[in-house]
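*Asks:* how does the following fold in three dimensions:
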Amino acid sequence: MKFSLLAASALAAAVPVSAEFYLKEQFDDEGWKERWTESTSWKSKSQMGTWVLSPGRFHGDPLDTGLTTEGDHRFFGISAPLDKPFVSGDKELVIQYSVKSDKKIECGGAYIKLLPGGDKFNVASFGGETEYSVMFGPDICGNNKRTHVILNHEKKQENLMIKKDIPCESDALSHLYTLVVRPDNTFEVFVDNKSVRSGDLDAEFDFLEEKEILDPSESKPFDWIDEAEIPDPESVKPEGYDDIPPEIPDPDAKKPDDWDDEDDGEWEAPMLDNPEYEGPWRPKMIPNPDYKGPWVHPKIPKPDYEYDEKMYAVCKEACTHVGFELWQVTSGVIFDDIIVTDSLEEAQKFAEETFFKKWASEKEAMETDNLKRTMERAKEAEAAKEAEEGEDDEEYEF
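*Replies:* This next block holds a predicted model:
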């Protein structure tokens, strides 16, 4: 009986735990309107843009559509429930989606949010003030181009932004953004399935307090010498140094012939910088023989420092929705191939089936369009040249 239990245990360990899928969305049918709900009370109707399905300018299949913003200088808000709630545990959290812009981006966000709330989540008012657990994705405004990674910290009751900016893409093709938060308190960001940033949560975010503090019992000694240089005691101001004026009359200047002292006053030559003036005198500086270097305040371990084993638990209370709440100066941003899962491997498989298949078609369509435009410009230039030559011929006809 004992052997049977051990064998069963070994067999169970050998079988991989199946991945959970909390959301898969490809926006390939009109049913998206039943799955996604637009925000109606976040901003006034005149401030809000609309959402449509579009394949974009460059595509290989007109039926392969994505959720698209429509209306420049507008706010956009829309959300959808997960198929099942996600609760942070012993598996990783993976959020992945693609972004494509049909226009040159002037200023606008394209990030996604993972949201808590459950039955209390208000779809109508979902917007910039709504509590969220994760904010992830590109945001471009002028020269500022970054991929946001912002995680909620339950203990601090605040959202923590990654310390160092992660760049984002800004061309006209689709790009895939993937965020992984792991239960070992590490994270990783991929763009087009290439790792662009990874590390420990406590190193890249302000999850933890400082481990050390300045020792309150220590202070800089009163006789500490931190002046690296001192005036040279042998340096003496030259005699007559202060008599040298900073400016002198221009020796080449002459009184104008039409100058009238009675009407114009006494003539004075314009002033020039005195080449012999060297500024206020200062003694020569020499190294201080008593210099001890800058004083460094000693540190001691912070008494109440505590490592947080649950930094990764951004969905300690269940995350139940995803959404986009955006401001865009230039609309035409297309979102597609969204997946929320607990397996990076499955997310990458999903990307192979969706994103990478269409990316090659998009690139080919864009290159074809660029070639067509180049040929059209060349043709127009040739026509303009021929017209100009024709005008020149007419000019010399008698």
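
*Asks:* drop to CA atoms for contacts and neighbour counts, all remaining ones
*Replies:* OK.

*Asks:* for stretch 307-319, measure first residue to last.
*Replies:* Taking CA to CA, to the nearest Å, stretch 307-319 runs 24 Å from one end to the other.

*Asks:* now swap in stretch 87-104 and tell me
*Replies:* 38 Å.

*Asks:* likewise for stretch 261-274?
*Replies:* So stretch 261-274: terminal residues 27 Å apart, CA to CA.

*Asks:* quick check: mean pLDDT of it?
*Replies:* Taken as a whole, stretch 261-274 has an average pLDDT of 88.

*Asks:* and that stretch, how far out from the chain's middle?
*Replies:* Using CA atoms, centre = their mean, to the nearest Å, the distance from the centre of stretch 261-274 to the centre of the chain it belongs to is 61 Å.

*Asks:* tell me the residue furthest from the middle of the protein?
*Replies:* With CA atoms, centre = their mean as the measure, the chain has its most outlying C-alpha, relative to the mean C-alpha position, at Glu262: 71.2 Å.

*Asks:* quick check: that residue is in a helix.
*Replies:* Yes: secondary structure of Glu262 (DSSP: H, G, I helix; E, B strand; the rest coil): part of a helix.

*Asks:* any idea how far Met271 lies from Gly265?
*Replies:* Shown here: Met271 relative to Gly265, a distance of 17 Å by CA to CA.

*Asks:* more crowded one of those two?
*Replies:* With other CA atoms under 10 Å as the criterion, Met271 and Gly265 differ in neighbour count, and Met271 comes out ahead with 13 against 9.

*Asks:* verify the stated contact: that one with Pro251.
*Replies:* No: contact criterion CA atoms under 8 Å: Met271 and Pro251 do not qualify, at 9.1 Å.

*Asks:* could I get the phi/psi values of the most centrally placed residue in the chain?
*Replies:* Centrality entry for the chain: nearest residue to the mean C-alpha point is Arg146, 1.8 Å, by CA atoms, centre = their mean. Phi and psi for Arg146, reported as degrees, to the nearest 10, are phi -140, psi 160.

*Asks:* what do you get for Tyr241?
*Replies:* Per degrees, to the nearest 10, the residue geometry at Tyr241, taken as phi and psi, is phi -60, psi -40.

*Asks:* next one: Lys120
*Replies:* Backbone dihedrals for Lys120, given as degrees, to the nearest 10, come out at phi -90, psi 0.

*Asks:* can you name the next helix or strand after the helix or strand of the chain at the bottom of the mean pLDDT ranking?
*Replies:* Here the helix or strand of the chain ranked lowest by mean pLDDT, DSSP states H and E is helix 2-14, holding a mean of 39. Where DSSP states H and E defines the elements, the next helix or strand beyond helix 2-14 is strand 21-25.

*Asks:* what lines up beside that next one in the sheet?
*Replies:* Partner strands for strand 21-25, per DSSP bridges, with pairing direction: strand 333-341 (antiparallel).

*Asks:* what sits up against the strand it pairs with?
*Replies:* Contact with strand 333-341 is made by 19-27, 54, 56, 65-69, 93-103, 110, 347, 351, 354-355, as judged by CA atoms under 8 Å, 6 or more residues apart in numbering.

*Asks:* what do you get if the cut-off is 7 Å, keeping everything else the same?
*Replies:* Here strand 333-341 makes contact (CA atoms under 7 Å, 6 or more residues apart in numbering) with 20-27, 66-69, 93-102, 347, 354-355.

*Asks:* now stretch 88-101
*Replies:* Outside of stretch 88-101, the residues within contact range by CA under 7 Å, 6+ apart are 172-183, 313-316, 332-344.

*Asks:* stretch 114-127 now?
*Replies:* So stretch 114-127 is in contact with 37-42, 77, 79, 132-135, 318-323, 325, going by CA under 7 Å, 6+ apart.

*Asks:* mind checking pLDDT for Arg57?
*Replies:* Reading off the model, Arg57 has pLDDT 86.

*Asks:* Leu214 now?
*Replies:* Reading off the confidence values, Leu214 has pLDDT 95.

*Asks:* what of Lys357?
*Replies:* The predicted local distance difference test score for Lys357 is 85.

*Asks:* could you do the one 3 residues further on as well?
*Replies:* Confidence at Ala360, expressed as pLDDT, is 76.

*Asks:* and if you look at the one 3 residues further on?
*Replies:* Lys363 carries a pLDDT value of 75.
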